[in-house]
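Asks: What would the 3D arrangement of this be:
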Amino acid sequence: MALPVGARPFPVTCPSCKASIVTSVERKTTIKTHLMAALLCSCLCGLLCTCIPYCMNSCRNADHYCPNCGTYLGTYKR
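Replies: Numbering: from 1, shown residues only. Take a look at the predicted model:
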């Protein structure tokens, strides 16, 4: 069961290990990230601009995990 999560780490009680934790966040690229990079490349004609979406957390999903037991808690989708 995934919890409703946001873009940043937040305090919660882990449903698996019952510990009070602050979530651990892993950023993942998505199809939207790749499309933004392609759009920047085609509009600005520069390879340097293409890496911008891969460097910005606001362009990637945030997967939340329990740092204690590693249980997946949810994903904040961009």
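Asks: From residue 38, how far out is the residue nearest the centre of the chain?
Replies: When CA atoms, centre = their mean is applied to the chain, the residue found nearest the centroid is residue 62 (1.9 Å). Look at residue 62 and residue 38: by CB to CB, to the nearest Å, they are 22 Å apart. Where C-beta positions appear, they are placed from N, C-alpha and C, glycine not excepted.
Asks: what does residue 4 give?
Replies: 31 Å.
Asks: Which one's more surrounded, those two?
Replies: residue 38 (12 against 7; other CB atoms under 10 Å).
Asks: Could you check what's spatially nearest to the more buried one, not counting adjacent residues?
Replies: Leaving out its chain neighbours, the residue that sits closest to residue 38 by CB to CB, 6 or more residues apart in numbering is residue 50, at 7.7 Å.
Asks: How about residue 62?
Replies: residue 76 (4.2 Å).
Asks: In the lengthiest helix in the chain, which residues are buried?
Replies: Determined from DSSP state H, the single longest helix within the chain is helix 31-44. For helix 31-44, burial by neighbour count (16 or more other CB atoms under 10 Å) applies to 33, 36-37, 40.
Asks: again, but for stretch 62-74
Replies: Buried residues in stretch 62-74 (16+ other CB under 10 Å): 62-66, 73-74.
Asks: Pick out the most distant pair among those residues.
Replies: Across those, no pair lies farther apart than 62 and 66, at 14.5 Å, counting by CB to CB.
Asks: picking up where we left off before, report the inter-axis angle for whatever helix or strand the residue nearest to the centre of the chain lives in versus helix 31-44.
Replies: According to DSSP states H and E, residue 62 maps onto strand 61-65. Strand 61-65 runs at 150 degrees relative to helix 31-44, counting by axes from the mean of the first three to the mean of the last three CA atoms, to 10 degrees.
Asks: Against which helices or strands is strand 61-65 packed?
Replies: strand 24-28, strand 72-76 (3 or more CB pairs under 8 Å, 6 or more residues apart in numbering; DSSP states H and E).
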